[in-house]
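> Fold the following, please.
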Amino acid sequence: SGHYLNALKLRILIEPARTANSALTAACVRAQYAGLVANLGLPGLAGGDFVRAAYLAPLTGLKRVAVASVADRVIDTATLMVLIAVALPLAGIPADIAGPLRDAAIWIIAGLSIVSIAALMLLRLRFDTVLQKIWMPLVDLAARRSALFMAGGISLAVQSAFVVTNIWLAREVGVTTSIASWFVAWPLSKLIAVLPISLGGIGVREGALVALLAPYGAEREAVLASGVLWQAVLIVTGFAGLAITQLMPRAPAGRVAPLAKET
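Residues are numbered from 1 along each chain as shown. Take a look at the predicted model:
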């Protein structure tokens, strides 16, 4: 359900709500699962975003799907930060976790800084060309505040549900750490796993989760076991969803209507 809602979120960001395009909705669902599976062989958790964009570009146009994909990633990142900010005062900050939190913050800030500098350099080198290509889709998306609000609500619901699912899995293997501590550790470990350190963030997320939950009294081995279970859930649902969606009959796909003044 979370993967399907994430696909709908991307669809909302791509196209104005006033238009109806069932082929685009189905394509977004297929692209979502294709990205999940491809993520297993790409660096970081954001690698699948490129696969989704490539999958949808023939239907939507590269400019529009690129802007929507970046907005999708920014919204998810902001949502995770909101969850951490809300849960941290409730969970408290053990002395042992201050170091990992500081290191995580440094990695996240460094990653965002590198991306920002690269974007600025690209705009500086080809300012007129790049800005001209992305300006209209960016303006169109910024003007659709209801779409951004809906996307933010979906992201908050999905990420919260993923945290609760991890808490449930952890309870099954004996982790009894407080709910608030999970809402600190799991979003933060996911933010760390976005960095291109390992394929699909595998190992990075689990290691970060173990380091972040141990100061709250969680047994390291049990936390690692719950992380492996969650990774198994992602892999199984990703492959199952990809197989099902690719085998389903496809309606004739029409290209999304171009934006005003877009060439």
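> wait, doesn't residue 90 sit right on residue 180?
Yes: the pair residue 90 / residue 180 is scored as a contact, 4.0 Å apart, by CB atoms under 8 Å. Yep, even glycine has a C-beta here, placed from its N, CA and C like the rest.
> Neighbour count: those two, which is higher?
Neighbour tally, residue 90 and residue 180, criterion other CB atoms under 10 Å: the higher count belongs to residue 180, 16 against 12.
> confidence score at that one?
As summarised for this prediction, residue 180 has a pLDDT of 93.
> List the contacts of residue 235.
Residues near residue 235 by CB atoms under 8 Å, 6 or more residues apart in numbering: residue 40.
> looking at this, it is in a strand?
No: assigned with DSSP: H, G, I helix; E, B strand; the rest coil, residue 235 falls outside any strand and is helix.
> Which secondary structure state does residue 175 sit in?
Assignment for residue 175 (three-state DSSP): coil.
> Just list the residues touching it, thanks.
Taking CB under 8 Å, 6+ apart, one finds 213, 218, 219, 222, 223, 226 in contact with residue 175.
> Include distance to residue 239, secondary structure and pLDDT when you put those residues into JSON lines, please.
Formatted as JSON lines, the contacts of residue 175 follow (distance: CB to CB, whole Å; DSSP: H, G, I helix; E, B strand; the rest coil; pLDDT from 0 to 100):
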{"residue": "213", "distance to residue 239": "28", "secondary structure": "helix", "pLDDT": "90"}
{"residue": "218", "distance to residue 239": "30", "secondary structure": "coil", "pLDDT": "89"}
{"residue": "219", "distance to residue 239": "30", "secondary structure": "coil", "pLDDT": "92"}
{"residue": "222", "distance to residue 239": "26", "secondary structure": "helix", "pLDDT": "94"}
{"residue": "223", "distance to residue 239": "25", "secondary structure": "helix", "pLDDT": "94"}
{"residue": "226", "distance to residue 239": "21", "secondary structure": "helix", "pLDDT": "93"}
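> how many neighbours does residue 51 have?
Residue neighbour count, defined by other CB under 10 Å, stands at 19 for residue 51.
> Secondary structure element holding it?
Assigned by DSSP states H and E, residue 51 belongs to helix 47-60.
> cool, and residue 106?
Using DSSP H and E, residue 106 maps to helix 95-125.
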